[in-house]
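Colleague: predicted coordinates and the sequence they were generated for:
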Amino acid sequence: MVTDTIANPEEVDEDYAGNENVVRVRGVTRVYQVGDTEVHALRGVDIDIKRGEYISIMGPSGSGKSTLFNMVGGLDKPTDGTVFIDEVDIAQLDAFELAWMRCRKIGYIFQSYNLIPVMTALENITLPMIFAGADLDEQMEKGRKLLEAVGIAHRMHNKPMQLSGGQQQRVAIARALANDPAIILADEPTGNLDQKTGHEIIELLKRLNKESGVTIITATHDDKMLNVSDRIVWISDGKIARIKRRDEVDITVGTVEGEV
Amino acid sequence: MATMASGPAKIERQISLPLSQAIKIAWRNITIRLSRALITGAGTLLGIAFLMSVFTGTLVQQAQGIEISPAQQQKNAWLVVMSLLVSVVGITNAMLMSVTERYKEIGTIKCLGALDNFIVKMFLIESGLLGLVGSAVGALVGAIFMLATGFGALGKLNWMQLLISYGICLVLGTVLSIVAAVPPAIRAAKMQPADAMRSEI
C-alpha cells in the first residue's frame, strides 16, 4: 500500500477487513460562514490513518490544520465529504453516540493541559471513567495504575495549581488513556513546555504508542515530535500538501551545549 | 442510528453521570470558588431573608393582637415579589458569569464524553445547593430580625406557622435558584468541545 503520497480514492482497496485504518477521511470540505464571507477551511482532504500509527500534522496558522484535527477527532462535522472513525461515519452520529465516542474511543490532550482546576490529579483522571459508568473501586485502581504509567503517582492528590506544566501534561495524558481509547488526539502537547520537559512528554507518548498500540495523532511544530512520528502530514491552504514517512524525511534534532 | 461496533467491547453503551457524583462535583465547585459562591448565595440569602421577615412580621403582629389590613398585605406581597425577582436576576447574572469564565472547562468535560444534560445537571445542582444554603441562612436571619422586634409577644406566637413558613422559604429559595440557573446552564450545555481547543480567549 502506498503510504508516502495521497492515494486516489479509486485506487485504494476498499476492503478493510480487520479495521486496518482507524480514521478515514474522504473528500472532506469545511466551510464557515463568517458574516457575509465564506471561509474555506478545508478544500477536499483525503487521508487514511492506520491503527497504531503515530502521525503528526504540520501546518501554518490558517492552513486548516486545526479544522482537520477537529474533524479527525470527532469534534466537528464536515460540510461535505465523510470522516470515518473506526468505520463509523461521524456525521451520522447523534449527540449520545458522539458523546460515547469521545468518552470511549478518543482521548484528548491539549496544549494548555485543560485539567479541571477544582479536582485533584486522581479525580481528573477518573472523571472520564465516571461518564463511562465504572464503579468507584475500578476507578481508583485504574487511576492509580495510569498515574504510575505516566510517572506521577506521588502527586495524585495534588490539584493542577500545585503541579508543574510537565506534571499537568502527564496527568492529561493519563486522563486521555482513562477509558482505553483507540485514538489519542494531541493538540500541540509540548507547546507550553520547555525543551527538556517536552522531550520527556514525547518519549512518554512514544512509549505508550509502542506498548499499547494506541494510535496517536498530533498537531505540532515540535521537531522532536516529528522525529518520533511514523508519518508526517503537511497541510496548507485547506489541502494536504504532502505526506511522508519518517524515514523519507530529513530531520536533524540538535541540542544546546550544556542542556541537561 | 449508526452501529458502534468495535470488536468485543460493544456491550457498554451507556454514558452516565450518577447523581451522587454530580452533587459531589457541584459542591466542590462551590467550595473552591467560595467568594463567587458567596456573592451568588447572597442574592438568595437577602431575598429569602426579606420574605421570611414578612412572614414572621405578620405572625408577630398577630401575636401582638394587631390586625393587618388587606392593603398592607397587598403591599407586603408586592414588595416580596419584587425583591425575589431582583434576587433571581442576580443569580442568573452570577451564574452566567461563572459559565463564561469556565468555557474551557465545559469544553474539556464535553471532550471527555459528557452529554449536554450532564452540564445542565451540574450547573442546576450547583445553583440549587447554593440556593438551599442561602435560603436556610437567609430565612433564619429574617426570622430572628423580626422576632427581635416583637420580643414581648413571643409567648403567643404561632410557632407551628413559623416553622411552616421557614420550610416554604427553603423550598422557594431553592426552586428559584434552580430556575434562575436554567438560562446559563443551557448556554453552557450548548458550548462546543472544540472551544476547549482554542488557547486564546
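Modeller: Happy to help now that I have it. Numbering: from 1, shown residues only, chains lettered A, B, ... in the order given.
Colleague: leaving out sequence neighbours, find the closest residue to B:A188.
Modeller: B:V99 (4.4 Å; CB to CB, 6 or more residues apart in numbering or on different chains). Heads up, the C-betas are built off the backbone N, CA and C, glycines and all.
Colleague: let's verify the one you found: helix, strand, or coil?
Modeller: helix (DSSP: H, G, I helix; E, B strand; the rest coil).
Colleague: that one against B:I186, yeah?
Modeller: No - look at B:V99 against B:I186 with CB atoms under 8 Å: they stay out of range, at 9.6 Å.
Colleague: show me which of these two is the more surrounded one.
Modeller: Higher neighbour count among B:V99 and B:I186: B:V99, with 22 against 15, using other CB atoms under 10 Å in any protein chain shown.
Colleague: ok, now which ones touch that one?
Modeller: Counting by CB atoms under 8 Å, 6 or more residues apart in numbering or on different chains, B:V99 touches B:106, B:123, B:184-185, B:187-188.
Colleague: with respect to A:G35, which of the residues you listed is nearest?
Modeller: Taking CB to CB as the measure, A:G35 lies nearest B:R187 of the contacts of B:V99, at 22.0 Å.
Colleague: surely A:Q168 is in contact with A:K159?
Modeller: No - under the criterion of CB under 8 Å, A:Q168 makes no contact with A:K159, lying 10.1 Å away.
Colleague: who has more neighbours, those two?
Modeller: A:Q168 (24 against 17).
Colleague: any idea how far the more buried one lies from chain B?
Modeller: 13 Å (CB to the nearest CB, to the nearest Å).
Colleague: okay, and the closest residue to chain A within chain B sits in which element?
Modeller: Residue of chain B nearest chain A, by CB to the nearest CB: B:G113 (2.3 Å). Of the helices and strands defined by DSSP states H and E, none includes B:G113.
Colleague: nearest residue to B:E126 other than its sequence neighbours?
Modeller: Once flanking residues are discounted, B:E126 sits nearest to B:A26: 4.0 Å by CB to CB, 6+ apart.
Colleague: which SS state does that neighbour fall under?
Modeller: Criterion first, three-state DSSP; result for B:A26: helix.
Colleague: do A:V25 as well
Modeller: strand.
Colleague: cool, and A:G151?
Modeller: Of the three states, A:G151 takes coil according to three-state DSSP.
Colleague: roughly how far apart are B:L112 and B:E105?
Modeller: In this view, B:L112 and B:E105 are 11 Å apart by CB to CB, to the nearest Å.
Colleague: same question, B:L79
Modeller: For B:L79, the distance to B:E105 - CB to CB - is 39 Å.
Colleague: neighbour count: those two, which is higher?
Modeller: B:E105 (20 against 13).
Colleague: check whether the more buried one really touches A:M119, as I assumed.
Modeller: No - look at B:E105 against A:M119 with CB under 8 Å: they stay out of range, at 10.1 Å.
Colleague: residue ranges in chain B under the pLDDT threshold?
Modeller: Within chain B, the ranges that satisfy pLDDT under 70 run B:1-13, B:153, B:196-201.
Colleague: ok, then the element right after the longest helix along it?
Modeller: Secondary structure of chain B per DSSP state H: the longest helix is helix B:116-149. Downstream of helix B:116-149, the next assigned helix or strand under DSSP H and E is helix B:159-180.
Colleague: quick check: buried residues in that following helix?
Modeller: The neighbour-count check on helix B:159-180 (16 or more other CB atoms under 10 Å in any protein chain shown) flags B:162, B:165-166, B:168-170, B:172-174, B:176-180 as buried.
Colleague: one more: stretch A:209-221?
Modeller: For stretch A:209-221, the neighbour count (16+ other CB under 10 Å) marks A:209, A:214-220 as buried.
Colleague: any idea which of those is closest to chain B?
Modeller: Once CB to the nearest CB is applied, the member of the buried residues of stretch A:209-221 that ends up nearest chain B is A:A219, at 9.3 Å.
Colleague: can you pull the phi/psi pair for that closest one?
Modeller: Note on A:A219: its backbone torsions stand at phi -110, psi 130 [degrees, to the nearest 10].
Colleague: what about the strands in chain A?
Modeller: Ranges of strands within chain A are A:21-34, A:37-50, A:54-58, A:80-85, A:88-89, A:106-109, A:183-187, A:215-219, A:231-236, A:239-245, based on DSSP state E.
Colleague: got the angle for whichever strand or helix holds B:P184 vs helix B:159-180?
Modeller: B:P184 is part of helix B:182-189 when elements are defined by DSSP H and E. Taking axes from the mean of the first three to the mean of the last three CA atoms, to 10 degrees, one finds helix B:182-189 and helix B:159-180 inclined to each other by 40 degrees.
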